[in-house]
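*Asks:* kindly generate the corresponding structure for this input.
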Amino acid sequence: QVSLVESGGGLVQAGGSLRLSCAASGSIFSIISMGWYRQAPGKQRELVATKTNGGNTNYADSVKGRFTISRDNAKNTVYLQMNNLNPEDTAIYYCNGYIYTTPHQWDEYWGQGTQLTVSS
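*Replies:* Numbering: from 1, shown residues only. Here you go, the predicted structure:
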């Protein structure tokens, strides 16, 4: 069993910064990728940023240049540094991971979500 636990959400003013963290724990053999998705009220969940174990990154166009994803592979932790936040970034942010629990078995895992609210 694998769990992803997010932290770092909260309320911030427009133009401000915040960092989210997500730690994976449990029966982890290796991690393929970890990343962040978000879901705003009335909208579908969307990709924010992902980073593979090899270091490849992918960002949503709406956050390029403002958000930075990073990983601490030794701690099985992924971070999302968010700068120049605006009210459109308000959403629940979910941590996501594709994780091997054995050499041959992988699955997709989700955190419980953390709320980010950006006030104007």
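
*Asks:* spatially central residue for this protein, please.
*Replies:* Per Cα atoms, centre = their mean, the C-alpha nearest to the average position across the chain is that of Trp36, at 2.5 Å.

*Asks:* just grab the bridge partners of that one for me.
*Replies:* Taking DSSP bridges, one finds Ala49, Cys95 as the beta-bridge partners of Trp36.

*Asks:* I'd say it and Ser21 touch.
*Replies:* No. At 10.6 Å, Trp36 does not count as touching Ser21 under the criterion of Cβ atoms under 8 Å. For the C-beta atoms, the positions are set from N, CA and C on the backbone; glycine is no exception.

*Asks:* overlap of the contact sets of those two?
*Replies:* Val78 (Cβ atoms under 8 Å, 6 or more residues apart in numbering).

*Asks:* contacting residues for the residue nearest to the centre of the chain?
*Replies:* Trp36 neighbours (Cβ under 8 Å, 6+ apart): 20, 22, 47-50, 69, 78, 80, 93-96.

*Asks:* highest neighbour count among those?
*Replies:* Val78 (28 neighbours; other Cβ atoms under 10 Å).

*Asks:* shouldn't that one be within a helix?
*Replies:* No. For Val78, which was evaluated using DSSP: H, G, I helix; E, B strand; the rest coil, the result is strand, with no helix membership.
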